[in-house]
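Peer 1: Sharing a model prediction with you, sequence too.
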Amino acid sequence: MAKRRRSREFKNNQVIDIEAARRERGERRKLSAAEKTQKTKEDCQKPSRRQVVKNMRRRIVYSLIFIVIGVIIGVSVYNVITLKMEEAAAQAQLEALEAEKRLLEEELSVVDSSEYIEQQAREQLRMILPGETLYVLRNKGKADEETAD
């Protein structure tokens, strides 16, 4: 169809000024370019509904990712703190057990001596050596032992 229009214009035997046609075409291009830039500025100023929804989805996804990362870090920190507290409690228990062990080892060294064995035999079992006499006093209701040769 475009070819037919041109051919009809030329059939009218009109003379076309090439320079004027170029200027008109340049002006039309400038106007269309200005309209395009104006439309893009308007588009930049006011985003479409689709872009708004897309941006909202993006923000929601990013915020969810940050929340998940924060929760993971929080749980990890909580676990580390809990383990440190358990370690401190275990260390305190270990020190208490080591102190008890030292006391028991000291008592064991004392228990192995003949003096301790003799003392316990006299106090708990009320035993005496041959040739000794056991005296029991009833003043205080408590049995006291006295030994004599």
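Peer 2: Nice, I can see it.
Peer 1: For the rest of this, base every contact and every neighbour count on C-alpha atoms.
Peer 2: Will do.
Peer 1: now Leu134, what's its secondary structure?
Peer 2: Secondary structure assignment for Leu134 (DSSP: H, G, I helix; E, B strand; the rest coil): strand.
Peer 1: Need phi/psi at Ser113.
Peer 2: phi -80, psi 150 (degrees, to the nearest 10).
Peer 1: for it, what are its contacts?
Peer 2: Residues near Ser113 by C-alpha atoms under 8 Å, 6 or more residues apart in numbering: none.
Peer 1: again, but for the one 3 residues further on
Peer 2: For Tyr116, the set of contacting residues under the criterion of C-alpha under 8 Å, 6+ apart consists of Val110.
Peer 1: Quick one: the helices in the chain, in order.
Peer 2: Using DSSP state H, the helices found in the chain span residues 2-11, 18-45, 49-111, 114-124.
Peer 1: rank the ones you listed by pLDDT, which is bottom?
Peer 2: Lowest mean pLDDT of the helices of the chain: helix 2-11, a mean of 56.
Peer 1: Figure out which of the helices of the chain is closest to Glu132.
Peer 2: helix 114-124 (11.5 Å; C-alpha to C-alpha).
Peer 1: Using CSV, list the CA coordinates for that closest one.
Peer 2: Only the C-alpha atoms of helix 114-124 are listed here, as CSV (Å, rounded to 0.1, in the frame of the first residue of the first chain):
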residue,chain,number,x,y,z
SER,A,114,49.9,-49.2,111.7
GLU,A,115,49.1,-46.3,114.0
TYR,A,116,45.8,-45.6,112.3
ILE,A,117,44.8,-49.2,112.3
GLU,A,118,45.5,-49.5,116.0
GLN,A,119,43.6,-46.3,116.7
GLN,A,120,40.5,-47.4,114.8
ALA,A,121,40.6,-50.8,116.5
ARG,A,122,40.6,-49.2,119.9
GLU,A,123,37.9,-46.6,119.2
GLN,A,124,35.4,-48.5,117.0
